[in-house]
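1. the amino acid sequence is not available; the structure is as follows:
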């Protein structure tokens, strides 16, 4: 009886020892378990840190009745992030975890972490707990990867948006005109024509030009015509004669005025003037006349066809043709517009004298954003300017007033590509990448394409970023970054032509990845160090771990 008790006790003790040794043995032999992590240096892409681990359990390592819990942990400055706990079981465990046979196997798992600030200096480790019955033993922690590479976060993500240009002219070309009329088939100038209202207005205009220090006459012209009747040859001669008498008349009416000698021209039959007057007239069937002009280019055929419309031709003889028997007097004038300094001064002292184009130019000249807003609002109030409405939105956007910018842009009447691009930039700055992408797609402008490249980088689509940024104008930074992220260092270096601290930083990364000399990497980092934030980043950036 005692012997039986001793045998039973020994069996229980043996089971206890077995239970104890199985979990502890797995902990003791944990160094025989191999782990391969891809990538070895973790990388943040679109705010995600993803990796794949392949864990190889050797033969006779995993006890058939044991359960192993493995928790991936990303340890970083200021904290740690735990991934989903992975559970495995031996062959004789009746549960629903992945089975690891006694013969050994390799288990592959995908790991995920949401990026948080501080992970630039971090490492990935696996923490295991072996369980056998009620016994649990912590396995030695296994470090499997370093991280996290955050190079994509160097993207300049504020977006490109520009003001609409004005049509302001520093020098405005103007003309002052008058004319005299002739009798049919005559080149004689009647005295009453020299005293006509048209001539008086022309003389008054010349006096005003002389008195206005902003206006200068650059040349004068006398241009003579004949009405399109009576044959092309006859009218050419008649027009020539009118040019001569017209020149003499011009000399009389401009006597004592500093206008210079006129350029004298003879046009002949005035079909262009004829078409213009007919189009403006209320002559019945004028569309028929215009159709004839468009159908025939030969002057004789044109005249013949119009004469055949006898009733219409009678109307032309009384209302249109007399106006074409003429000599025009023209003064070509240059008006010196407000200088930049004058525009800025007028904004403060007399803004109401500025027209729409002057207001748009003045707004571009003033440096204070609040003052720009004031000028754009004046152009909207006074002229209903759609460009000013758009520029007001851009002004708010550049000032960081995103909601005001959106409201102003939505009030623009013509929702063109510029507006869509600006709305996309607002969405981009609000981290609404889906809306930003849709807006840039609608915009279909060069700026929008470059901004789409920013979205591509932020969402991890680096091949698309290269395509969208390859032809981008302005600073090359994002183009260089796109090539770098797409593993095209040579193209990245070729595109790095801007003298900018961030571009210098990217050059340092390229040099480091290519294993260049420490002096070259250091040189680029010194140029980038003009930006304090970049200098601080470089001290922790895993891109330079081999150069510290």
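-> Received, thanks. For clarity, every value in this text was computed on a predicted model and none was experimentally measured. Numbers count the residues shown, from 1 in each chain.
2. and the closest residue to residue 85 other than its chain neighbours, what is it in contact with?
-> Leaving out its chain neighbours, the residue that sits closest to residue 85 by CB to CB, 6 or more residues apart in numbering is residue 71, at 4.6 Å. All C-beta atoms are positioned from the backbone trio N, CA, C, and that covers glycine. Residue 71 makes contact with 82, 83, 85, 86, 126, 127, 128, according to CB atoms under 8 Å, 6 or more residues apart in numbering.
3. could you do residue 428 as well?
-> Residue 428 makes contacts with 157, 158, 159, 436, 451, 454, 455, as judged by CB under 8 Å, 6+ apart.
4. do residue 177 as well
-> 202, 328, 329, 330, 331.
5. so the residue most central in space within the chain, which of the three states?
-> Note on the chain: the residue nearest the mean C-alpha position is residue 447, at 2.1 Å, using CA atoms, centre = their mean. State at residue 447, reduced to three classes by DSSP: H, G, I helix; E, B strand; the rest coil: helix.
6. leaving out the residues flanking it, which one is nearest to it?
-> Closest to residue 447 by CB to CB, 6+ apart is residue 160, at 4.6 Å.
7. cool, and residue 389?
-> With sequence-adjacent residues excluded and distances taken as CB to CB, 6+ apart, residue 389 is closest to residue 412, at 4.9 Å.
8. looking at residue 13 now. What's its pLDDT?
-> Looking at residue 13, its pLDDT stands at 32.
9. go on, residue 139?
-> We note a pLDDT of 96 for residue 139 in this prediction.
10. distance of it from residue 515?
-> Computed as CB to CB, to the nearest Å, the residue 139 to residue 515 distance reads 36 Å.
11. look at these two and report which has more neighbours.
-> The neighbour count for residue 139 versus residue 515, taken as other CB atoms under 10 Å, is higher for residue 139 (21 against 8).
12. quick one on the thing from earlier: among the contacts of residue 71, which one has the most neighbours?
-> Neighbours here mean other CB under 10 Å. Within the contacts of residue 71, the largest count is held by residue 126, at 25 neighbours.
13. run through the bridge partners of it.
-> residue 72, residue 142 (DSSP bridges).
14. wait, it touches residue 144, no?
-> Yes. The criterion here is CB atoms under 8 Å, and residue 126 meets it with residue 144 at 6.0 Å.
15. give me the common contacts of the two.
-> With CB under 8 Å, 6+ apart as the test, residue 126 and residue 144 both reach 35, 53.
16. helices along the stretch 301-450 of the chain, start to end?
-> 310-319, 321-324, 340-349, 356-365, 369-383, 386-398, 402-410, 417-429, 433-443, 446-458 (DSSP state H, counting those that start in this stretch).
17. just how off-centre is the longest one within its chain?
-> It refers to helix 369-383. Centroid displacement of helix 369-383 relative to its chain, using CA atoms, centre = their mean, to the nearest Å, is 24 Å.
18. what do you get for the fourth one?
-> Between the mean C-alpha point of helix 356-365 and the mean C-alpha point of its chain there is a distance of 22 Å (CA atoms, centre = their mean).
19. any idea how this protein splits into domains?
-> As assigned by automatic domain parsing, the chain contains the domains 2-149, 157-164+337-475, 171-336.
20. any idea which of the ones you listed is most buried?
-> domain 157-164+337-475 (a mean of 19; mean count of other CB atoms under 10 Å).
21. mean confidence score for that one?
-> What domain 157-164+337-475 shows for mean pLDDT is 96.
22. for stretch 78-94, same thing?
-> Per-residue scores along stretch 78-94 average to 95.
23. give me the contact list for that stretch.
-> Against stretch 78-94 from outside (CB under 8 Å, 6+ apart): 62-74, 95, 97-102, 107, 109, 111-114, 116, 118-119.
24. host element of residue 472?
-> Assigned by DSSP states H and E, residue 472 belongs to no helix or strand.
25. and the next helix or strand past the host helix or strand of residue 235?
-> Assigning secondary structure by DSSP H and E places residue 235 in helix 232-253. The helix or strand immediately downstream of helix 232-253 is strand 263-269, counting by DSSP H and E.
26. what angle sits between the next helix or strand after that next one and helix 310-319?
-> Once the chain leaves strand 263-269, the next helix or strand it forms, by DSSP H and E, is helix 271-280. Angle between the axes of helix 271-280 and helix 310-319 is 100 degrees (criterion: axes from the mean of the first three to the mean of the last three CA atoms, to 10 degrees).
27. would you check how far apart residue 463 and residue 507 are?
-> When distance is defined by CB to CB, residue 463 is 22 Å away from residue 507.
28. residue contacts, residue 141?
-> By CB under 8 Å, 6+ apart, the residues touching residue 141 are 125, 126, 127.
29. right, and the first one touches residue 75 too?
-> Yes. With contacts counted by CB under 8 Å, residue 125 reaches residue 75, the gap being 6.2 Å.
30. between the contacts of residue 428, which sits nearest residue 496?
-> Lowest distance from residue 496 to these (CB to CB) belongs to residue 454, with 17.6 Å.
31. so what's that closest one up against?
-> By CB under 8 Å, 6+ apart, the residues touching residue 454 are 155, 156, 157, 159, 428, 478.
32. of all the residues you listed, which two lie farthest apart?
-> Farthest-apart pair in these is 428 and 478; separation 12.5 Å (CB to CB).
33. about what we covered before: centre of the chain to the helix holding residue 235, how far?
-> Offset of helix 232-253 from its chain centre (CA atoms, centre = their mean): 57 Å.
34. what's that helix packed up against?
-> Helix 232-253 sits against strand 171-181, helix 191-194, helix 197-211, strand 215-226, strand 263-269, strand 326-336, with contacts defined as 3 or more CB pairs under 8 Å, 6 or more residues apart in numbering; DSSP states H and E.
35. to residue 525, which of those lies closest?
-> With CB to CB as the measure, strand 171-181 is the member of the helices and strands packed on helix 232-253 nearest residue 525 (50.4 Å).
36. nice, that's everything, thank you.
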